[in-house]
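S.K.: based on what follows, work out the 3D shape:
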Amino acid sequence: MTLTFMSKRPLPSSRADAENGGQSGGAGTEHWVPATVDATSEVTTLIDQVSHDLRSALNGVQSWAYVLDHSLDAPTAPVQRALAGLRTAMQQQVMLIQHMEEAVRLLADETEPQWEAVDLAAAMAQAMDAVKPAAESRRVTLADVLVHDGEGSRGDALVQADPRRLEPMLRHLVLHCLKQARNGDTIDAHLEPADDHVKLRLTESRTTADRIKERLSVLSEFFRRDVGNDGAAPARQSSALLLARRMAELHGATLGAEPSTQCEQDGESACIAVTFPRVPPAAAATGIEAPSLPPSGPSAGA
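M.R.: Reported below is the predicted structural model:
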């Protein structure tokens, strides 16, 4: 988004110079105000500065923690726990800053999508790999992506997508599910191809049957952008899920929440379901067609 305006006016100091015949030391000349302002660039510059300021504050806390850590010969157990908590909190804050930077840039980016044929199975596996270190620290298992038999003539997971937006969308979906998981849980990913779409089902949370019903209701309202009729504020969701929802919408994908019977049979769980059209409406409007079927191997007689 670009804001455009034209203005030619003297800055206050220049106006004073002109009125005083240049006696204040300036030339008394007029200055051009910038003709165009790229709003996206302005947002990027702002978030860069905010991130720098936040990191500077964290560096100060880290320095004091280092001083405390090395000035005590035999810190007591409570002091050791406090210092460990400081280090953990600082790491979490750095991750939040990085997430904020990425989220703001993605949400402010108004460039046209660059549509490409993407294999959702490979893209989902890449997202799982990116999150694996965080999952291992929580002792959460990220299962292999399973591609089920297709409902129609197509059994592949190829869709037209914008890789620049698809990759962070899938990664943040997994990050959200990891945040909901308990230590020792497993996050499953299932892909179900059909002729005109590919459906992704991802384990969102596991808990009691009553809690699952509540979770499904909250997620469904969030995906529908349902603000409710009673005027109550909607339930808060993770920033990762907020970003993933917007990136999914830009792909023309629909999101929903489904119970475990439609995701996997291992206990009570809620699943996030994302249905990707083979060709997003925005891509179809430019004449882009569904990705071609993968070429088959050479015939036996070749």
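
S.K.: mean confidence for stretch 185-200?
M.R.: Mean pLDDT, computed over stretch 185-200, is 93.

S.K.: low-confidence ranges in the protein?
M.R.: The chain contains residues with pLDDT under 70 at 1-44, 47, 227-235, 260-267, 294-302.

S.K.: residue ranges of the helices in it, please?
M.R.: Using DSSP state H, the helices found in the chain span residues 12-19, 39-71, 77-108, 120-137, 163-180, 209-224, 239-250, 281-284.

S.K.: pick the most deeply packed of those helices.
M.R.: Sort the helices of the chain by mean neighbour count, taking mean count of other Cβ atoms under 10 Å, and helix 163-180 sits at the top with a mean of 22. From N, CA and C alone the C-beta is placed, and that goes for glycine too.

S.K.: residues in contact with that one?
M.R.: 102, 106, 113-114, 116, 118, 123-124, 126-128, 130-131, 134-135, 138, 140, 142, 187, 202-205, 238, 240-241, 243-244, 247-248, 250-251, 272, 274 (Cβ atoms under 8 Å, 6 or more residues apart in numbering).

S.K.: wouldn't Val94 be in contact with Ala57 here?
M.R.: No - under the criterion of Cβ atoms under 8 Å, Val94 is not in contact with Ala57, lying 11.5 Å apart.

S.K.: hmm, back to that, closest to Ala194 out of the helices of the chain?
M.R.: Of all these, it is helix 120-137 that lies closest to Ala194, at 12.4 Å by Cβ to Cβ.

S.K.: as CSV, the helices of the chain with distance to Glu258 would be great.
M.R.: Output for these, formatted as CSV (distance: least, Cβ to Cβ, whole Å):
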stretch, distance to Glu258
helix 12-19, 62
helix 39-71, 35
helix 77-108, 26
helix 120-137, 17
helix 163-180, 14
helix 209-224, 7
helix 239-250, 15
helix 281-284, 24
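
S.K.: quick one: contacts for the spatially closest residue to Leu142 that is not a sequence neighbour?
M.R.: Excluding its sequence neighbours, the residue lying closest to Leu142 (Cβ to Cβ, 6 or more residues apart in numbering) is Met128, at 4.6 Å. For Met128, the contact set (Cβ under 8 Å, 6+ apart) comprises 142, 145, 174, 189.

S.K.: alright, I will stop here.
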